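Visitor: Here is a sequence together with a model predicted from it:
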Amino acid sequence: MTSSPTRQRLGSCAWLMRGFAVAQAPALLAALQAILARAPLRHMVTPGGQRMSVAMSNCGALGWTSDRGGYRYRADDPLHDRPWPAMPAAFQQLAGDAARAAGFDGFEPDACLINRYLPGNRLSLHQDRDERHFGHPIVSLSLGLPAVFLFGGAARGDRAARVLLEHGDVVVWGGADRLRFHGVLPLKDSQAGRQDDLLAAPGATGDSGHELLRGCRINLTFRKAG
Ligand code: MD3
Ligand code: FE
């Protein structure tokens, strides 16, 4: 893929590429559906005992998990103690292409966290620091309903910028931006203020098309965790 004309700089080492994966989305969603049949979405529990509102699963050699014992990457899905589904070639290709377009050559993720947001679901401000090394970038793909992403600073209290992430958008974060605090505001209801939905056919799934995305947002986050 050639350099995106809509590449937008979010930080010194963070790039938003609007619509970067729109064309590949149907193939990515077909692969995602097969993954979720084997490793279903589930609500993990934080070390403090809170049920996370965002439902999660993983593919790849390592999967991010949270439970009473803490946050960590595991080779096996704790639901059945079998390896997570393999990362599809189309996922690896997309992550590598996006990283390269943002200036990070040779990105080979071994972990893909799948986050599913329903209306009202949010991800509070945090840093991603469960990976072994912070020298690798992180690539994130947004699918389905739009969400407002919060892009904070190096300290939790730093003012956070708001960025709308829509279907097919890809963001790449590395270098100096790798440990910035970030989060996602509560997802808006897809029906809210949308007069045109009154005319939609029964079974309509919105402009992103796939039934997996009906009424939700799915974010795929690619990392080199091990
Ligand atoms: C900025 N997920 O899973 S992805 C997460 O939309 C997570 O589901 C959000 O934060 C989501 O940990 C945002 C974008 C993202 C991922 C890692 C980052 C942004 C980041 C690391 C540093 C700075
Ligand atoms: Fe994060």
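Guide: Thanks, I have it. Ligands and ions are numbered 1, 2, ... in the order given.

Visitor: Contact residues of the protein facing ligand 1?
Guide: If contacts are counted using CB under 6 Å from any ligand atom, the residues of the chain sitting beside ligand 1 are 113, 115, 123, 128, 138, 140, 171, 173, 177-178, 180, 182, 184, 219, 221. Where you see a C-beta, it was placed from the backbone N, CA and C, and this is true even at glycine.

Visitor: how about a cut-off of 8 Å?
Guide: 14, 54, 64, 113, 115, 117, 123, 126-128, 138, 140, 142, 147, 149, 151, 165, 171, 173, 177-184, 217, 219, 221, 223 (CB under 8 Å from any ligand atom).

Visitor: Give me the ChimeraX select line for these, limited to the buried ones.
Guide: To isolate in ChimeraX the members of the residues of the chain next to ligand 1 that are buried, counting by 16 or more other CB atoms under 10 Å, one can use:
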select :14,54,64,113,115,117,123,128,138,140,142,147,149,151,165,171,173,177,178,180,181,182,184,217,219,221,223
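
Visitor: immediately after the helix or strand bottoming out on mean pLDDT in the chain, which helix or strand?
Guide: Taking all helices and strands of the chain together, the one with the lowest average confidence (mean pLDDT, DSSP states H and E) is strand 7-11, at a mean of 94. Going down the chain from strand 7-11, the next helix or strand is strand 14-17, by DSSP states H and E.

Visitor: Please name every helix or strand in contact with that following strand.
Guide: Applying 3 or more CB pairs under 8 Å, 6 or more residues apart in numbering; DSSP states H and E, we find strand 14-17 packed against strand 7-11, helix 89-101, strand 170-173.

Visitor: what comes into contact with it?
Guide: Contact partners of strand 14-17, identified using CB atoms under 8 Å, 6 or more residues apart in numbering, comprise 4, 6-10, 98, 101-103, 151, 163, 165, 169-174, 177, 180.

Visitor: Run through this structure and note the low-pLDDT ranges.
Guide: Residues of the chain meeting the criterion pLDDT under 70: 1-5, 191-208.

Visitor: Can you show me the helices along it?
Guide: 25-38, 89-101 (DSSP state H).

Visitor: I'd like those helices written out as a markdown table, with mean neighbour count added.
Guide: What follows is the helices of the chain, written out as a markdown table (neighbours: other CB atoms under 10 Å):
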| stretch | mean neighbour count |
| --- | --- |
| helix 25-38 | 16 |
| helix 89-101 | 19 |
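
Visitor: now those helices in JSON lines, with distance to residue 46?
Guide: What follows is the helices of the chain, written out as JSON lines (distance: least, CB to CB, whole Å):
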{"stretch": "helix 25-38", "distance to residue 46": "22"}
{"stretch": "helix 89-101", "distance to residue 46": "27"}
